[in-house]
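1. can't give you the sequence, but here's the structure:
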Ligand SMILES: [Zn+2]
């Protein structure tokens with residue numbers, strides 16, 4: 001059925017009605033085929049081809065996990081493995097609650113749409129940038145780290161998404177990155193977490209009157225999927241909070257009242 005045939009049929013009122021009904025039906029068919037299944041949820045960075053829920057697996061699940069890995073319970077680190085298990089389900093629920101969405105643990109158009117809103121076409125989250133995490137010692141990602149620059153880039157992306165979650169949990173107070181990726185020559189410790197792109201040094205920009213703001217960040221980081229946290233009280237960490245996603249054991253240190261000794 002087409003618009004043209006509906007017009008031709010228009011000479012006879014009864015035929016015209018039937019034609020309009022048929023046209024309407026055909027349009028409905030077309031629109032349901034194009035309905036925003038999750039295929040419509042995406043941008044210049046990534047398109048999710050389907051809605052995601054517990055029990056599914058795939059690279060699209062991994063892309064979701066990267067973006068919600070900062071929404072964890074105390075000390076928990078989300079494994080980016082492409083399997084939508086209970087930890088991913090709970091992270092989705094916390095993300096949804098954090099952004100005032102319906103809390104159902106399903107990544108559908110609403111949740112994926114919110115992620116896309118937070119995401120720039122270059123895959124960095126809204127409040128952090130590639131330039132910010134690779135300038136100075138990072139040589140704009142034009143120098144050697146401890147792994148390939150592709151891997152450094154992937155690690156930085158994951159670190160930024162955790163920082164975005166941390167920032168939102170602190171009431172969207174502005175946090176800047178004073179140092180992200182560092183090349184091996186600049187870092188001084190050839191296998192430091194910064195040379196992998198796994199680490200960010202975070203600095204609060206609000207109302208600095210002591211160590212309280214740094215402690216706020218260090219404490220929030222415990223729930224943001226970082227298993228390396230060094231805040232005020234740890235040597236040379238009085239003007240930033242170091243957070244990283246190191247493999248292996250959790251390593252946290254700061255003043256006792258920052259609550260991250262351990
Ligand atoms: Zn650091």
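-> Nice, I can see it. Model, not experiment: these values are computed from the prediction. Numbers count the residues shown, from 1 in each chain.
2. Which single residue in the stretch 1-150 of the chain comes nearest to the ion?
-> residue 137 (10.4 Å; CB to the ion). For the C-beta atoms, the positions are set from N, CA and C on the backbone; glycine is no exception.
3. do the same with the stretch 101-250 of the chain
-> Taking CB to the ion, the stretch 101-250 of the chain has residue 242 as its residue nearest the ion, at 3.3 Å.
4. Return the residues of this protein in contact with the ion.
-> Residues of the chain that fall close to the ion, judged by CB under 5 Å from the ion: 199, 201, 242.
5. Just confirm the last one is within a strand.
-> Okay, so that is residue 242. Yes. With DSSP: H, G, I helix; E, B strand; the rest coil as the criterion, residue 242 is assigned to a strand.
6. what sits against it?
-> By CB atoms under 8 Å, 6 or more residues apart in numbering, residue 242 lies in contact with 193, 199, 200, 201, 202, 228, 229, 230, 231, 234.
7. hang on, the third one packs against residue 244?
-> Yes. At 7.4 Å, residue 200 and residue 244 qualify as touching, with contact defined as CB atoms under 8 Å.
8. More neighbours: these two, which one.
-> Neighbours per residue (other CB atoms under 10 Å) separate residue 200 from residue 244, with residue 200 holding more: 32 against 23.
9. immediately after the helix or strand encompassing the more buried one, which helix or strand?
-> Secondary structure assignment for residue 200, by DSSP states H and E: strand 199-204. Counting by DSSP H and E, the next helix or strand C-terminal to strand 199-204 is helix 212-221.
10. what distance separates that following helix from the middle of the whole chain?
-> The chain centre lies 20 Å from the centre of helix 212-221; the measure is CA atoms, centre = their mean, to the nearest Å.
11. what angle separates that helix from strand 199-204?
-> Going by axes from the mean of the first three to the mean of the last three CA atoms, to 10 degrees, helix 212-221 is angled at 140 degrees with respect to strand 199-204.
12. What are the buried residues along stretch 48-65?
-> Within stretch 48-65, the residues scored as buried using 16 or more other CB atoms under 10 Å are 48, 50, 51, 52, 53, 56, 60, 61, 62, 63, 64, 65.
13. ok, now stretch 195-212?
-> Within stretch 195-212, the residues scored as buried using 16+ other CB under 10 Å are 195, 196, 197, 198, 199, 200, 201, 202, 203, 204, 211.
14. how much space between the residue nearest to the second one when sequence neighbours are not counted and residue 261?
-> Nearest-residue entry for residue 196: residue 146, 5.2 Å, with adjacent residues in sequence omitted and distances by CB to CB, 6 or more residues apart in numbering. Separation of residue 146 from residue 261 (CB to CB, to the nearest Å) stands at 28 Å.
15. These two: who's more crowded?
-> Under the neighbour definition other CB under 10 Å, residue 146 and residue 261 were set side by side, and residue 146 has more, 19 against 13.
16. so which helix or strand takes in the most centrally placed residue in the chain?
-> For the chain, the residue nearest the mean C-alpha position is residue 67 (2.5 Å; CA atoms, centre = their mean). For residue 67, the element it lies in under DSSP H and E is helix 59-68.
17. That concludes my questions; thank you for your assistance.
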